[in-house]
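> Below is the sequence, then the predicted model.
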Amino acid sequence: MRIILLGPPGAGKGTQAERITNDFKIPHISTGDIFRYNIKNNTELGKLAKQYIDKGLLVPDAVTNKIVEDRLSKDDCKNGFLLDGYPRNVSQAESLEKFLANENLKIDHVLNIIVDRDSLVERLSGRRVCPSCGATYHVVTKPPKIEGICDKCGEKLIQRTDDNIESVLKRLEVYEDETKPLIEYYSKTNLIRNIDGNKPVNEVYNDIQALIGDDK
Ligand code: AMP
């Protein structure tokens with residue numbers, strides 16, 4: 001199954017992606033995670049991406065499209081994949097469409113997670129992440145057992161460099177201007193399904209399963 005997960009930053013795409021990909025045994029491809037991995041390892045790509053990410057801007061399309069195409073060409077994507085955070089604008093969607101058409105492949109589902117703006121700001125600015133295992137927390141709604149320490153691996157939690165308030169507001173603006181038009185883009189192909197992301201995590205996942213579950 002080939003899935004695209006759409007939605008603003010802070011909608012819970014990463015959390016839901018984790019569950020879907022575990023259930024459906026498909027790779028979770030998050031462009032944000034790929035960039036963060038490269039930043040952590042100080043690669044050339046990481047150095048380039050960081051300049052954009054810290055400001056809440058999109059990494060240039062040519063760079064991003066190439067990374068995704070390389071990743072989708074790997075063997076583990078043969079039985080499907082889930083794209084989280086890509087495409088992020090219409091130009092990336094067109095590039096993906098061309099790539100998939102060349103491979104004779106089609107997207108099965110586009111899931112659009114909707115969350116109101118105030119909740120997004122609250123979720124993102126209170127988010128803390130474990131730099132070691134990737135677990136995510138929230139200072140108010142999902143605090144770790146010991147403040148500032150990951151429950152799973154004991155590592156010190158950090159705030160993502162783009163979760164400060166200026167970057168968060170910029171990311172939401174970029175979402176409105178560049179990513180939201182994808183809803184219209186995928187509506188044309190009748191692939192898109194809206195999910196209410198304001199609900200608790202488990203309920204959101206139940207709703208997703210109800211939409212895609214039979215395809216397993
Ligand atoms: P995310 O983890 O999906 O919120 O992504 C974090 C940041 O990585 C974004 O704010 C962008 O700066 C960058 N990024 C992630 N995915 C893309 C993409 N498809 N195109 C351009 N930039 C991206």
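Here it is on my side, so go on.
> which parts of stretch 145-158 are buried?
150, 157 (16 or more other CB atoms under 10 Å). Where you see a C-beta, it was placed from the backbone N, CA and C, and this is true even at glycine.
> Could you work out the end-to-end span of that stretch for me?
15 Å (CA to CA, to the nearest Å).
> Show me the helices in the protein, by range?
Here the chain has its helices, by DSSP state H, at 13-24, 31-40, 44-53, 61-72, 90-102, 117-125, 165-174, 181-187, 201-212.
> which residue sits closest to the residue of the chain found nearest the ligand, ignoring its sequence neighbours?
Closest residue of the chain to the ligand, CB to the nearest ligand atom: residue 32 (2.1 Å). Nearest residue to residue 32, sequence neighbours excluded (CB to CB, 6 or more residues apart in numbering): residue 85, at 4.7 Å.
> Now do the same contact list for that neighbour.
By CB atoms under 8 Å, 6 or more residues apart in numbering, residue 85 lies in contact with 5, 13, 30, 31, 32.
> which residues touch residue 148?
When contacts are counted by CB under 8 Å, 6+ apart, residue 148 touches 128, 156, 157.
> Reformat those residues into CSV and put pLDDT and distance to the ligand next to each item.
Formatted as CSV, the contacts of residue 148 follow (pLDDT from 0 to 100; distance: CB to the nearest ligand atom, whole Å):
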residue, pLDDT, distance to the ligand
128, 96, 15
156, 98, 20
157, 98, 17
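> if you look at the residues you listed, which of them are in strands?
residue 128 (DSSP state E).
> got TSV for the contacts of residue 148, with distance to residue 172 too?
Output for the contacts of residue 148, formatted as TSV (distance: CB to CB, whole Å):
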residue	distance to residue 172
128	19
156	28
157	23
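> so which of the contacts of residue 148 comes closest to residue 165?
Residue 165 has its nearest neighbour among the contacts of residue 148 in residue 128, at 14.9 Å by CB to CB.
> got the contact list for the nearest residue in space to that closest one that is not next to it in sequence?
The shortest distance from residue 128 to any non-neighbouring residue, by CB to CB, 6+ apart, is to residue 157 (4.2 Å). Residues near residue 157 by CB under 8 Å, 6+ apart: 128, 129, 130, 131, 137, 144, 148, 149, 150.
> show me what contacts the nearest residue to residue 37 once chain neighbours are set aside?
Leaving aside its sequence neighbours, residue 37 sits nearest to residue 46 (CB to CB, 6+ apart; 7.8 Å). Applying CB under 8 Å, 6+ apart, we find residue 46 in contact with 35, 37, 38, 39, 40.
> distance of residue 46 from residue 105?
Distance of residue 46 to residue 105, given as CB to CB, to the nearest Å: 29 Å.
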